[in-house]
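Q: Sequence first, predicted model second:
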Amino acid sequence: MRYAIQAEGLVKRYGETHALDGVDLAVPQGRLLGVLGPNGAGKTTAVRILATLLRPDEGTASVGGFDVTGQAHQVRSLIGLTGQYAGVDEMLTGVENLVMIGRLLGLPRAEARARAAELLERFALSDAGGRAAKTYSGGMRRRLDLAASLVGRPQVLFLDEPTTGLDPRSRTELWGVVRGLMADGVTVLLTTQYLEEADQLADDIVVFDHGRVIASGTSDELKATTGAQVLEVRPLQADHLDLVARVVTDITGETPDLTGGKAVASVHDPAVVAAVVRRLDDLGVVATELALRKSSLDEVFLAITGHRAEDESTAEKEEAFA
Ligand code: ATP
């Protein structure tokens, strides 16, 4: 299989910190790989190496068949990059930003203008195109940033946490834009801290933690690797929750989580559902919700790493404010 992005054994150290500690990646052409991991996991370092902005200490990587260190120039002609922090010039208008990039890429003026207009239209920014980017909302700025990375019609796009800090609506809009790019056949590597984002967009997912790939597969495969499905039982009467919890513990051997008025527990054998139903019936407990579902990616991350995806950032923030 031809991979648009391939990396083997990438290592990057900063003093004692192993930002990357032997990372392998392979993204087939036209697919979207979601790189999922908490703050400091090494996602940005991997993107910077693949986008030729940083040299690895060890390992090799290629994009479009070109080596990222030896053939950086060819790699740059194929890729687009959108960072966590929008890279557009705030003082320029949307049109001016895109035309400037087109000119820098060597497009004739008329072509640069046409491309800018086309992209502004596509990202629903035509009306705002004549305004300085500093007047844009966060979501608009992120769309302009993404448009900027597409001026050169990249075959491979790196989106480094493209929706961090966006409100839910802007996030959903940006997901729509990314889906459009995938329909155009662009290969995308998208980093995210949001499990839902990887679940929504990615064909394949790799999970980073402390500079290593700790799990990989499709969203469904990752959910299956925890070996567990999740049982949810919500009693009609809230004061029956403790009783439900006891039944679930007895039958599944797992202590359920009781937040939100329902008992939620991992189950390894789907047959337990019938047993739970029978026991609740015997006890006269009516359930308004009784479901067996696959684990969420959040639960998968917790099962693999032993901590929630946002633990590290929360700890860092607490440290910063201490
Ligand atoms: P975030 O979501 O916060 O961007 P990340 O997964 O992208 O996190 P990286 O930015 O790749 O993580 O950082 C990985 C590790 O390398 C972190 O511990 C970080 O502090 C460290 N690091 C990254 N760049 C540098 C640098 N220039 N100098 C020193 N340490 C660095």
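A: Everything's here; your move. Residues are numbered from 1 along each chain as shown.

Q: Name the residues of the stretch 101-250 of the chain found near the ligand, please.
A: Residues of the stretch 101-250 of the chain lying near the ligand by CB under 6 Å from any ligand atom: residue 193. Glycine gets a C-beta too; all of them are placed from N, C-alpha and C.

Q: where are the low-confidence patches of the stretch 101-250 of the chain?
A: 227-228 (pLDDT under 70).

Q: residue ranges for the helices of it, please.
A: Taking DSSP state H, counting those that start in this stretch as the test, the helices found in the stretch 101-250 of the chain are 109-122, 138-150, 168-183, 195-201, 219-225, 241-252.

Q: what's next to the fourth one, contact-wise?
A: By CB atoms under 8 Å, 6 or more residues apart in numbering, the list of residues contacting helix 195-201 from outside reads 32, 34, 36, 163, 171, 175, 178-179, 182, 190, 192, 205, 219, 296-298, 300-301, 309.

Q: buried subset of those residues?
A: 32, 34, 36, 163, 171, 175, 178, 182, 190, 192, 205, 219, 296-297, 300-301, 309 (16 or more other CB atoms under 10 Å).

Q: What is whatever helix or strand residue 303 lives in packed up against?
A: Following DSSP states H and E, one finds residue 303 within helix 297-305. If you count contacts as 3 or more CB pairs under 8 Å, 6 or more residues apart in numbering; DSSP states H and E, helix 297-305 packs onto helix 195-201, strand 204-209, strand 212-217, helix 219-225.

Q: buried stuff in the third one?
A: Across strand 212-217, burial judged by 16+ other CB under 10 Å covers 212, 213, 215, 216.

Q: Also stretch 237-248?
A: Quick answer for stretch 237-248 (16+ other CB under 10 Å): 240, 241, 243, 244, 245, 247, 248.

Q: residues in contact with that stretch?
A: Outside stretch 237-248, the residues touching it (CB under 8 Å, 6+ apart) are 231, 233, 235, 254-256, 258, 261-263, 265, 276, 279-280, 283, 285-287.

Q: quick one, what contacts residue 134?
A: 90, 91.

Q: can you pull the alpha-carbon coordinates of stretch 51-69 into CSV?
A: Below are the C-alpha coordinates for stretch 51-69, written out as CSV (Å, rounded to 0.1, in the frame of the first residue of the first chain):
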residue,chain,number,x,y,z
ALA,A,51,5.9,19.3,8.2
THR,A,52,9.7,19.7,7.9
LEU,A,53,9.8,22.4,10.7
LEU,A,54,11.8,20.2,13.1
ARG,A,55,14.4,17.5,12.6
PRO,A,56,14.0,14.3,14.5
ASP,A,57,16.9,13.1,16.6
GLU,A,58,16.3,9.5,15.4
GLY,A,59,14.0,7.8,12.9
THR,A,60,12.8,8.5,9.4
ALA,A,61,9.6,10.0,7.9
SER,A,62,8.3,10.6,4.4
VAL,A,63,5.4,12.6,3.0
GLY,A,64,4.2,11.8,-0.5
GLY,A,65,7.2,9.5,-0.8
PHE,A,66,9.7,12.3,-0.1
ASP,A,67,12.0,12.3,2.9
VAL,A,68,11.1,15.0,5.4
THR,A,69,14.7,15.8,6.2
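
Q: got the buried residues for that stretch?
A: The neighbour-count check on stretch 51-69 (16+ other CB under 10 Å) flags 51, 52, 53, 54, 56, 59, 61, 62, 63, 64, 66, 68 as buried.

Q: And stretch 250-263, end to end?
A: Across its full length, stretch 250-263 reaches 13 Å between end residues, using CA to CA, to the nearest Å.

Q: I'd like the helices of the stretch 101-250 of the chain laid out as JSON lines, including distance to residue 24.
A: Output for the helices of the stretch 101-250 of the chain, formatted as JSON lines (distance: least, CB to CB, whole Å):
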{"stretch": "helix 109-122", "distance to residue 24": "34"}
{"stretch": "helix 138-150", "distance to residue 24": "25"}
{"stretch": "helix 168-183", "distance to residue 24": "23"}
{"stretch": "helix 195-201", "distance to residue 24": "18"}
{"stretch": "helix 219-225", "distance to residue 24": "17"}
{"stretch": "helix 241-252", "distance to residue 24": "36"}
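
Q: And for this structure, the residue most distant from the center?
A: residue 282 (44.9 Å; CA atoms, centre = their mean).

Q: Kindly provide the distance from residue 215 to residue 200.
A: 18 Å (CB to CB, to the nearest Å).

Q: Residue 271 now?
A: Using CB to CB, one gets 32 Å for the distance from residue 271 to residue 200.
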